[in-house]
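A.B. asks: this is the structure alone, sequence omitted:
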């Protein structure tokens, strides 16, 4: 891992520590961040979120699970990434430092001690973090800020000494032409360059442009100009809840438009020759003033919020009218049956959406005419047969959680989709015409549907007629009109629950679950939702528990049949495009770092050989054992690097990489198999550049199967039972999820809260 990646490790480490031990931060980094950011990511924390949940999860046997997984992978001969399993286990462990110590030690070993000092016990100070991304042309500029209060001077000193030891260079930050105590630490060069500032009072600033870091310092001293707080980007966060640990994202389309030079004046009409589609998209972006979202966890539970700020007089008036629906209000779902475990009601003005999208098709010059095609091909009048009678709101009801009985496993849990209609007569007539058109189309395409048969049959329940649509092995849908609602029910038997409610049976609107949703939502809500999350998690846990033994038995059976023998015939399955290697010599390549130089053909001869038209150096990897993990990294300051992995025996390209993460670095990683003649082609992007480069090869040998005992059936079974145990813990700690969406002036705001049961 390159040294310039240390910034990512620092921010990741601090974020991990705050999740474990953090508290709320008061400083507002928006007053320091650059004003023209197009993307802003925020993070702040208050206390230890969901302590009971973390405690219950930590009590599970994560260590045994890790050991079993490693043994399984070694026995099976695979080399899968265990980082996710390790990360989850580390977060649940008593030592929060274990989640990031390895990464930090690779990039800057001296940072491990001060970061562990921050994370030990309850010593982590309150934190606030922000990442601001500016678009300067097509090259983004990143500025990351971390402010922690109450930092121990000794820890800050340790951080400063560690950064000084790892930095490529250190300079003093100027102020009024004088050098001051603050120091700038420089890492990397070119597009990989990072400049970092650490102050005595715990402000950490990292940026890809030194000018941006210095501007933060100027604003902090009161000598700078406007900041992000003056731009309106963070206004949406003012309406979001202060709820402990929070992660937020804000996007401003205006800087994106400025960067792409797609500004649009709402007072001007499109001129002949303008790109109508680009102008239409620019108008939509210009109308969206700000998009923001935040996810938090604290005393109010787990809260998800998002807000879209629009210009009501913006260039795309149709978009503003579509989203800012002042008179839209969700009606009560009177036909939803009692005992349901979930409901989501929202606006879906299908006609307006089709008309809006048609504007994009027209701007793109497309000849898509949905209405015309349906009329000419199927004889369907879209407006008369559907849109004129179909309402603009949708109620989706989950009748039950996923169950372990055969019906639920085959057809899924019972669900309903209900849409109010203008009149039952118009809806019934429209459905009959649509069904007849569908039957005609099926008759004409009968031969083409031999592998996917569809049956439309009439059905009735308690005097209400409906259509039963059955297809394939497990598609069974009931479609009909009940009262003043169009109802789709799956499986079809769920249609009977709606009819029972229509005939006077108990409805969901009297259920405490529904009352909790309406109590939270404003009167003018455009959408509401409520789900018994605990019940649904418990049901999934039951399903996971049911499947754990069959899965464990299958894995155990596969291990017994494999008997620890790895298939070494992988050379026969090499895939990729062919490459001409005839007459091209190779150089040996082993572990370690070497240097090379690309030279081009000149008049009179000379230069490197050309592979597929690219001036290249060709290397043969030697001494590879099957199962070994190989990493090859190419770097150059002279040209845009490009790496190819080839099979010399079959003359094919197996893999390639261009930017990792920038144009001056390329990286390949693969697991060696027997019978493949691995060649590495080092070249430039386009194959026509020259200059010096370095090539680093790291080989990690596969663990010996003799050193790892193959897990037994009991160990595998214990591993496959772990997901059900995790779901049980979540179900015990999580309660009901409720949410709503509402228009507030020129802002479309949505909020969802998942209660913590304890």
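C.D. replies: The structure has been received and is ready for your questions. What you are looking at is a predicted structure, and each value in this text was computed from that prediction instead of being measured.
A.B. asks: contacts only, for the residue nearest the centre of the chain.
C.D. replies: In the chain, the residue lying closest to the centroid (C-alpha atoms, centre = their mean) is residue 249, at 12.8 Å. The contact partners of residue 249, by C-beta atoms under 8 Å, 6 or more residues apart in numbering, come to 39, 40, 41, 42, 292, 293, 294. No exception for glycine: its C-beta is placed from N, CA and C like everyone else's.
A.B. asks: now do it, the pLDDT please.
C.D. replies: pLDDT for residue 249: 93.
A.B. asks: residues in a beta bridge with it, which ones?
C.D. replies: Beta bridges link residue 249 to residue 41, residue 293, judged by DSSP bridges.
A.B. asks: give me the phi and psi angles of the residue nearest to residue 663 when sequence neighbours are not counted.
C.D. replies: Excluding the flanking residues, the one nearest residue 663 by C-beta to C-beta, 6 or more residues apart in numbering is residue 640, at 4.2 Å. When read as degrees, to the nearest 10, the backbone of residue 640 gives phi -80, psi 110.
A.B. asks: for residue 139, grab the count of nearby residues.
C.D. replies: Using other C-beta atoms under 10 Å, residue 139 is surrounded by 11 other residues.
A.B. asks: returning to what we had before: from residue 716, how far off is the residue nearest to the centre of the chain?
C.D. replies: 40 Å (C-beta to C-beta, to the nearest Å).
A.B. asks: what average pLDDT does the helix or strand where residue 670 lies get?
C.D. replies: In this assignment (DSSP states H and E), residue 670 forms part of strand 665-671. Average pLDDT, strand 665-671: 90.
A.B. asks: and it, which strands flank it?
C.D. replies: strand 629-635 (antiparallel).
A.B. asks: which neighbouring elements make contact with the helix or strand following the partner strand?
C.D. replies: Using DSSP H and E, the helix or strand that follows strand 629-635 in sequence is strand 641-647. For strand 641-647, the elements it packs on are strand 629-635, strand 652-657, strand 665-671, strand 678-684, judged by 3 or more C-beta pairs under 8 Å, 6 or more residues apart in numbering; DSSP states H and E.
A.B. asks: give me the angle between strand 641-647 and strand 629-635.
C.D. replies: 150 degrees (axes from the mean of the first three to the mean of the last three C-alpha atoms, to 10 degrees).
A.B. asks: what strands flank strand 641-647, and is each parallel or antiparallel?
C.D. replies: Applying DSSP bridges, one finds strand 641-647 paired with strand 652-657 (antiparallel), strand 678-684 (antiparallel).
A.B. asks: can you put the ones you listed in CSV and add distance to residue 456 and mean neighbour count?
C.D. replies: Formatted as CSV, these follow (distance: least, C-beta to C-beta, whole Å; neighbours: other C-beta atoms under 10 Å):
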stretch, distance to residue 456, mean neighbour count
strand 652-657, 49, 16
strand 678-684, 58, 24
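A.B. asks: wait, which of the ones you listed is closest to residue 599?
C.D. replies: Among the strands paired with strand 641-647, the nearest to residue 599 by C-beta to C-beta is strand 678-684 (11.3 Å).
A.B. asks: mean confidence for the closest one?
C.D. replies: 93.
A.B. asks: list the contacts of residue 143.
C.D. replies: Here residue 143 is in contact with 33-34, 37, 131-134, 205-209, 212-213, 216 (C-beta under 8 Å, 6+ apart).
A.B. asks: centre of the chain versus the one helix or strand residue 418 maps to, how much separation?
C.D. replies: Per DSSP H and E, residue 418 falls inside strand 415-420. How far strand 415-420 lies from its chain's middle: 30 Å, per C-alpha atoms, centre = their mean, to the nearest Å.
A.B. asks: the helices and strands packed on strand 641-647: which one's closest to residue 72?
C.D. replies: Among these, strand 665-671 comes nearest to residue 72, with 16.2 Å by C-beta to C-beta.
A.B. asks: redo the helices and strands packed on strand 641-647 as JSON lines? Include distance to residue 538.
C.D. replies: JSON lines is the format used below for the helices and strands packed on strand 641-647 (distance: least, C-beta to C-beta, whole Å):
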{"stretch": "strand 629-635", "distance to residue 538": "40"}
{"stretch": "strand 652-657", "distance to residue 538": "44"}
{"stretch": "strand 665-671", "distance to residue 538": "40"}
{"stretch": "strand 678-684", "distance to residue 538": "50"}
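A.B. asks: tell me what the top helix by length along the chain is packed against?
C.D. replies: Ranked by residue count under DSSP state H, the longest helix found in the chain is helix 533-562. Under the contact definition 3+ C-beta pairs under 8 Å, 6+ apart, helix 533-562 sits against helix 62-76, helix 713-733, strand 734-744.
A.B. asks: which of the ones you listed sits most buried?
C.D. replies: Across the helices and strands packed on helix 533-562, the average number of neighbours (mean count of other C-beta atoms under 10 Å) peaks for strand 734-744, which reaches a mean of 21.
A.B. asks: direction included, what does that one pair against?
C.D. replies: Assessed with DSSP bridges, strand 734-744 is paired to strand 527-531 (antiparallel), strand 747-756 (antiparallel).
A.B. asks: ok and the longest one relative to helix 713-733, angle-wise?
C.D. replies: What that stands for is strand 747-756. 120 degrees.
A.B. asks: what helix or strand is residue 258 on?
C.D. replies: Applying DSSP H and E as the criterion places residue 258 in helix 253-260.
A.B. asks: list the buried residues of that helix.
C.D. replies: Across helix 253-260, burial judged by 16 or more other C-beta atoms under 10 Å covers 253, 254, 255, 257, 259.
A.B. asks: hmm, residue 136 and the third one touching each other?
C.D. replies: No - in this structure, residue 255 is not within contact of residue 136 by C-beta atoms under 8 Å, at 9.8 Å.
A.B. asks: residues of the longest helix of the chain that come out buried?
C.D. replies: For helix 533-562, the neighbour count (16+ other C-beta under 10 Å) marks 533-545, 548, 552, 555-556, 559 as buried.
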